[in-house]
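Engineer: Pasting the sequence and the predicted coordinates here, then a few questions.
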Amino acid sequence: MAFEVLWLILALLGSFLSGSIPYAVIIGRLATGKDLREFNIGNPRGFNAVMTYGLPIGISVIFIDILKGFIPIALIDWGFSNLYGIDSIYYQLAVILGPAFCILGHNHSPF
């Protein structure tokens, strides 16, 4: 039981950290040298990236933002279903709380 709880905590922590990485700021600084948080609405998300950097960079930021939510959830689903089966309480908790932690990391990033 302790290992199941540990895997659940690690999966939720990984989901939160994946969601909290501000790829819009990173890609914008690499591509243009501008900090996205200092322009337009100041929100480091996809729409502000489109307004600040233009459509090609903005679309890539939006796509990577989608991937940073999709990949951890797909890994959680695959891993917990193979380890414990879909009838397990740990699988059910992981697939419910995993997306919530990813969204929480995206909306309240520590970076």
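Structural biologist: Noted; the coordinates are in hand.

Engineer: CA only for contacts and neighbour counts going forward, please
Structural biologist: Noted.

Engineer: How many neighbouring residues does residue 89 have?
Structural biologist: Per other CA atoms under 10 Å, the neighbour tally for residue 89 reads 11.

Engineer: do the same with the one 3 residues further on
Structural biologist: The local packing of residue 92 (other CA under 10 Å) involves 16 other residues.

Engineer: So residue 111 sits against residue 19, correct?
Structural biologist: No - Residue 111 is beyond contact range of residue 19, at 10.9 Å (criterion: CA atoms under 8 Å).

Engineer: residues contacting the residue sitting nearest the centre point of the chain?
Structural biologist: Geometric centre of the chain, nearest residue: residue 19, 2.2 Å, by CA atoms, centre = their mean. Residue 19 makes contact with 68, 69, 101, 102, 103, 104, 105, 106, 109, according to CA atoms under 8 Å, 6 or more residues apart in numbering.

Engineer: quick one: contacts for the fifth one?
Structural biologist: Right, the one you point to is residue 103. By CA under 8 Å, 6+ apart, residue 103 lies in contact with 16, 19, 69.

Engineer: Any chance of the residues you listed in a markdown table with distance to residue 25, pLDDT and secondary structure as columns?
Structural biologist: Formatted as a markdown table, those follow (distance: CA to CA, whole Å; pLDDT from 0 to 100; DSSP: H, G, I helix; E, B strand; the rest coil):
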| residue | distance to residue 25 | pLDDT | secondary structure |
| --- | --- | --- | --- |
| 16 | 18 | 96 | helix |
| 19 | 14 | 92 | helix |
| 69 | 17 | 91 | helix |
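
Engineer: how about the host helix or strand of residue 67: buried residues?
Structural biologist: According to DSSP states H and E, residue 67 maps onto helix 55-84. For helix 55-84, burial by neighbour count (16 or more other CA atoms under 10 Å) applies to 57-62, 64-65, 68-70, 72-73, 76-77, 79-81.
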